[in-house]
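> Sequence first, then the predicted structure:
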Amino acid sequence: MAYKKAALYVRVSTLHQIDKDSLPFQRQELTNYAKYALNIEDIEIFEDAGYSAKNTDRPKYQQMMKRIRAGEFTHLIVWKIDRISRNLKDFSEMYEELKECKVTFVSKNEQFDTSTAMGEAMLKIILVFAELERKLTAERVFSIMLSRAEKGLWNGATVPLGFVWSEEKKFPVEEPEEVAIVQHIYSLYEQTRSTLKVAYQLNEKAIKTKRGGQWTAKTVRDILRNPFYIGTYRYNMRESAGSRRMKDKDEWIVVEDNHPAIIDKEQYKRVNKLLTDNYRGLTDIQRADIHKHIFSKMIYCGNCNALLTSGLDSARQDGYRPSRYTCVTSGGSKRCSNYVSDIIIGPFVFNYVSNMIRLQERITPKHSIRDMERALLRGSAFVDVIGIDSESLKETYYALTHGISEQDYLSTTNNDISISSFEVERMEKEKKKFETALSRLEDLYLFGEDGISQKDYIFKKRDIQKKLEAIETDINSLQQNDEKLSDAFIDNAQHFLITKEMQQVRNVDYRTLHDTVGRESLSDFIHTIIDRIVVADKRVQSITFKNGITHTFAYKALLDSKGAASSRMQYKEYERAVLEYLKVNGPASRSDLQKATNISRDGFYKLLAELIEREEVVKTGQSTRTRYEYKEKLT
């Protein structure tokens, strides 16, 4: 026979009931029922005298539930259901907890025993009514909120930048310093036509968001899209708080000219038209980007760690002017002259990102880390790359196959929860506690036996909502800091307009992509997912993504053939041989040039990139029709 232990809970709400020996009566009845009806000898009694059942804030009840959660009891026995709770919502929540703890609930008076089929059926009936109560409560509260919104009254939410809460008016009012920031954002966007540029300038000036954080393209866009700044109050737009799903517009409540505007309506219309047109990619309104450098302020020197400066290189035969990134670190004999061009770095980076995007759709735990490395280095842009550092590969592998970082994966296997994960879990529980408190407050106000005044209800509700907002802010901050590759990089990439093209081709033609999409869009894309690129000797040494993962690359020797030395003099001899061949024979394919010069395939791509960079050779055509021409033949 399995071991059984019962918790007997008794409660009376008035001293009068105590005087009439109600507690002793309940104790005796439940003790006898446990021993003789259920054959349970091991019992413990929990008493709450003088406490109402309208909520669960009772000391012995809380103590009992804590020990139930610890697995100490197999049964919970009460005299009547209303002894444990008169609030059906609380009761249903308690019962769900009992089920998780595998504890049988028994009510002697109603002959309610959840270990029997009839008892379980009775419980389901009660839970149906509990659900009905919740829905009726929600409907009543929601109707009150809609009525308030139609009158232009504030229903509680985060006060937008430019405004502060006024206790006197019970509505947000203008805050002059913040108003100036909002107006500056609108004017700046009309000048730059780029939310990313606006965010960058705001961060450079150390201007903080409403919550004291850093600006992003999204936070700028949210302000530019918010009609609250032109005096329009909107409510009931989304399916639920925090949801992205919008309701049908006929369900929205929109009150125009509800409060003083801080942005001119005409400016608001102009800005939002620009936002919409830029999103659609309309070329007739796209901002001029001839001087935009795709990799500006993200390329660092692998020799001296300095940030490379951006500038335009000389124009090519077809008018294309690639960007050139140069290290200008000075200091006598230590002067650094490291540089790289879009012609070299563009194909490498965009093909690597393309490989990453296609990889995340196909990889499964059945694949090995080596499989992943081969997929990442697939394509002609990586012929000189031997491999990627193993630590970043492991982290990326677990991020893509498990949806978590390597750190979180390892800590799970070692039963050592990371601090950030623990904090998020703790805050989620705290958030749930306040959400429950808010729900109970509404029940007390709408249906409570004693009730509370409207004034007390409003103030208490506001306090709880402020605490909830603060907790949500902290949770979002932790989640953003802990955001990993599978979320931060892949999600951002997949929502970008060029991702579909990068998913469909095995080798991205950088020039075609550049001419089709434009520098501005490519720059926005690459700055969304990559934080830092290190180059040396015209090679990408490492790429650091926004999530903090850094992929470092190892390269082969420049010329990798048996009879070839890696010296600069021999490299010059190969260049001369290639140029002479093209002068005599005209346009040639890569394979023809390799056969004629006996250069290894790996080193040959590097050699061609060097010649193209110096404009001595021009590449024409694509794929199998690619040809290389000596430039004099085009002049």
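That came through fine. Numbers count the residues shown, from 1 in each chain.

> show me where pLDDT drops low in the stretch 251-400 of the chain?
The stretch 251-400 of the chain contains residues with pLDDT under 70 at 278-291, 315-319, 330-335.

> rerun at 90
251-259, 272-293, 296-297, 302-306, 308-324, 326-344, 353-372, 374-375, 378-387, 389-400 (pLDDT under 90).

> Which parts of it are strands?
Per DSSP state E, counting those that start in this stretch, the stretch 251-400 of the chain carries strands over the ranges 253-255, 299-301, 309-312, 323-326, 339-341, 385-388.

> which helices and strands sit right next to the fourth one?
Packing partners of strand 323-326 (3 or more Cβ pairs under 8 Å, 6 or more residues apart in numbering; DSSP states H and E): strand 309-312, strand 339-341, helix 342-362. (Each C-beta comes from the backbone N, C-alpha and C, glycine too.)

> Just send those back as a markdown table, with distance to residue 392 too.
A markdown table is the format used below for the helices and strands packed on strand 323-326 (distance: least, Cβ to Cβ, whole Å):
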| stretch | distance to residue 392 |
| --- | --- |
| strand 309-312 | 27 |
| strand 339-341 | 21 |
| helix 342-362 | 12 |
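
> right, so of the strands of the stretch 251-400 of the chain, which gets closest to residue 174?
Among the strands of the stretch 251-400 of the chain, strand 253-255 comes nearest to residue 174, with 17.9 Å by Cβ to Cβ.

> partners of that closest one, with directions?
Strands that pair with strand 253-255, judged by DSSP bridges, come out as strand 233-235 (antiparallel).

> so is residue 542 in a helix, a strand, or just coil?
Residue 542 carries the three-state label strand when classified by DSSP: H, G, I helix; E, B strand; the rest coil.

> Tell me, how many residues neighbour it?
Neighbours of residue 542 under the rule other Cβ atoms under 10 Å: 18.

> just to revisit the earlier point, please name whichever of the helices and strands packed on strand 323-326 is nearest to residue 81.
Residue 81 lies closest, by Cβ to Cβ, to one member of the helices and strands packed on strand 323-326: helix 342-362, at 52.4 Å.

> circling back to that earlier point, what about the strands of the stretch 251-400 of the chain, which gets the closest to residue 605?
strand 385-388 (10.9 Å).

> quick one: contacts of the closest one?
Contacts with strand 385-388, where a contact means Cβ atoms under 8 Å, 6 or more residues apart in numbering, come from 373, 376-377, 551-556.

> picking that back up, export the helices and strands packed on strand 323-326 as TSV, with columns for distance to residue 255 and mean neighbour count.
Formatted as TSV, those follow (distance: least, Cβ to Cβ, whole Å; neighbours: other Cβ atoms under 10 Å):
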stretch	distance to residue 255	mean neighbour count
strand 309-312	48	15
strand 339-341	56	21
helix 342-362	44	21
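
> rewinding a little: show me which of the contacts of strand 385-388 is closest to residue 205.
residue 551 (32.8 Å).

> Just the pLDDT for the closest one.
If you check residue 551, the pLDDT there is 93.

> burial count for it?
Neighbour count of residue 551, defined by other Cβ under 10 Å: 20.

> isn't there a strand covering it?
Yes. Under three-state DSSP, residue 551 falls within a strand.

> separation between it and residue 325?
For residue 551, the distance to residue 325 (Cβ to Cβ, to the nearest Å) stands at 19 Å.

> likewise residue 442?
Counting by Cβ to Cβ, the gap from residue 442 to residue 325 is 59 Å.

> between these two, who's got more neighbours?
Higher neighbour count among residue 442 and residue 325: residue 325, with 28 against 18, using other Cβ under 10 Å.

> Please name the residues that touch the more buried one.
Applying Cβ under 8 Å, 6+ apart, the residues near residue 325 are 293, 295-296, 299, 308-311, 339-341, 345, 535.

> Out of the helices and strands packed on strand 323-326, which gets nearest to residue 211?
helix 342-362 (31.2 Å).

> Can you show me the CA trace of the closest one as PDB?
The C-alpha trace of helix 342-362 is given here as PDB (Å, rounded to 0.1, in the frame of the first residue of the first chain):
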ATOM      1  CA  ASP A 342      34.700  46.700 -51.500                       C
ATOM      2  CA  ILE A 343      35.800  44.600 -54.400                       C
ATOM      3  CA  ILE A 344      37.500  42.200 -52.000                       C
ATOM      4  CA  ILE A 345      35.500  42.500 -48.800                       C
ATOM      5  CA  GLY A 346      32.000  42.700 -50.400                       C
ATOM      6  CA  PRO A 347      32.000  39.200 -52.000                       C
ATOM      7  CA  PHE A 348      33.500  37.700 -48.900                       C
ATOM      8  CA  VAL A 349      31.100  39.200 -46.300                       C
ATOM      9  CA  PHE A 350      27.900  38.900 -48.300                       C
ATOM     10  CA  ASN A 351      28.600  35.300 -49.400                       C
ATOM     11  CA  TYR A 352      29.300  34.400 -45.800                       C
ATOM     12  CA  VAL A 353      26.100  35.900 -44.700                       C
ATOM     13  CA  SER A 354      24.300  34.200 -47.500                       C
ATOM     14  CA  ASN A 355      25.700  30.900 -46.400                       C
ATOM     15  CA  MET A 356      24.700  31.500 -42.900                       C
ATOM     16  CA  ILE A 357      21.100  32.300 -43.900                       C
ATOM     17  CA  ARG A 358      20.800  29.100 -46.000                       C
ATOM     18  CA  LEU A 359      22.500  27.100 -43.300                       C
ATOM     19  CA  GLN A 360      20.000  28.000 -40.600                       C
ATOM     20  CA  GLU A 361      17.200  26.600 -42.700                       C
ATOM     21  CA  ARG A 362      18.800  23.200 -43.200                       C
END
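
> Could you give the separation of it from the chain centroid?
When C-alpha coordinates are averaged (Cα atoms, centre = their mean, to the nearest Å), helix 342-362 and its chain have centres 22 Å apart.

> do the same with stretch 612-623
Using Cα atoms, centre = their mean, the offset of stretch 612-623 from its chain centre is 41 Å.

> Can I have the buried ones of the contacts of strand 385-388 as a ChimeraX selection?
Selection of buried members from those for ChimeraX, criterion 16 or more other Cβ atoms under 10 Å:
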select :373,376,377,551,552,553,555
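
> What is the nearest of the contacts of strand 385-388 to residue 56?
Of all the contacts of strand 385-388, residue 56 sits closest to residue 551, with 52.6 Å by Cβ to Cβ.

> what is that closest one paired to in the beta sheet?
residue 543.

> list the contacts for it?
352, 376, 388-389, 392-393, 396, 542-545 are the contacts of residue 551 under Cβ under 8 Å, 6+ apart.

> By neighbour count, which of these wins?
Neighbour max across these (other Cβ under 10 Å) = residue 396, 29 neighbours.

> picking up where we left off before, what about the helices and strands packed on strand 323-326, which gets the closest to residue 188?
Closest among these, using Cβ to Cβ: strand 309-312, at 21.4 Å.

> How about residues contacting that closest one?
The contact list for strand 309-312 (Cβ under 8 Å, 6+ apart) reads 291, 293, 295-297, 321-328.

> again, only using 6 Å
293, 296, 321, 323-326, 328 (Cβ atoms under 6 Å, 6 or more residues apart in numbering).

> centre of the chain versus it, how much separation?
On the basis of Cα atoms, centre = their mean, strand 309-312 sits 32 Å off its chain's mean C-alpha point.
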